[in-house]
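>>> coords please:
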Amino acid sequence: MKKPQVDAKDILILNMLANNARLQNKEIAAQLKLSEPSTLTRVNNLISNEVIKEFKTILNYEKMMYTHKTAAIIHYLHKDEQELYT
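Okay, the predicted model is just below:
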């Protein structure tokens with residue numbers, strides 16, 4: 001797989017999005033003095049070339065009034081493994 005070309009403007013876009021992933025294309029374009037279509041193309045290329053891998057939502061459980069976080073790990077045993085535990 002060919003390494004994606006990332007230039008100085010792309011780095012600026014990445015830094016801006018790293019600091020505030022909710023920035024609108026219009027805001028990025030204005031700050032970098034680029035056209036909106038050019039900025040959108042750059043962001044879409046960063047996504048399609050997997051320079052930007054994913055977008056995540058990080059929840060604030062305290063604001064949701066949850067007091068504990070719980071994780072569950074479920075392991076399904078193969079029928080041969082089940083015999084070991086019975």
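>>> okay, CA-based contacts and neighbour counts for the rest of this
Fine.
>>> low-confidence ranges in the protein?
Confidence mapping of the chain against pLDDT under 70 gives the ranges 1, 66-71, 75-86.
>>> output stretch 39-46 as PDB, nothing but the C-alphas.
Output of stretch 39-46 as PDB, limited to C-alpha atoms (Å, rounded to 0.1, in the frame of the first residue of the first chain):
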ATOM      1  CA  THR A  39     -10.600  21.900   2.800                       C
ATOM      2  CA  LEU A  40     -13.300  19.300   2.500                       C
ATOM      3  CA  THR A  41     -11.300  17.400  -0.200                       C
ATOM      4  CA  ARG A  42      -8.300  17.400   2.100                       C
ATOM      5  CA  VAL A  43     -10.300  16.100   5.100                       C
ATOM      6  CA  ASN A  44     -12.000  13.400   3.000                       C
ATOM      7  CA  ASN A  45      -8.600  12.300   1.600                       C
ATOM      8  CA  LEU A  46      -7.200  12.000   5.100                       C
END
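>>> now it: buried residues?
Neighbour counts using 16 or more other CA atoms under 10 Å place 39-40, 42-43, 45-46 of stretch 39-46 among the buried residues.
>>> and which of those residues is nearest M65?
Distance to M65 across the buried residues of stretch 39-46 (CA to CA) is lowest for V43, with 35.5 Å.
>>> which helix or strand contains that closest one?
For V43, the host element (DSSP states H and E) is helix 36-48.
>>> tell me what that helix is packed against?
Packing contacts for helix 36-48, counted by 3 or more CA pairs under 8 Å, 6 or more residues apart in numbering; DSSP states H and E, involve helix 8-19, helix 25-32.
>>> can I get these in a markdown table including mean neighbour count and distance to N60?
What follows is these, written out as a markdown table (neighbours: other CA atoms under 10 Å; distance: least, CA to CA, whole Å):
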| stretch | mean neighbour count | distance to N60 |
| --- | --- | --- |
| helix 8-19 | 14 | 18 |
| helix 25-32 | 14 | 26 |
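>>> of those, which is nearest F55?
Nearest of the helices and strands packed on helix 36-48 (CA to CA): helix 8-19, 10.6 Å.
>>> brilliant, that's me finished.
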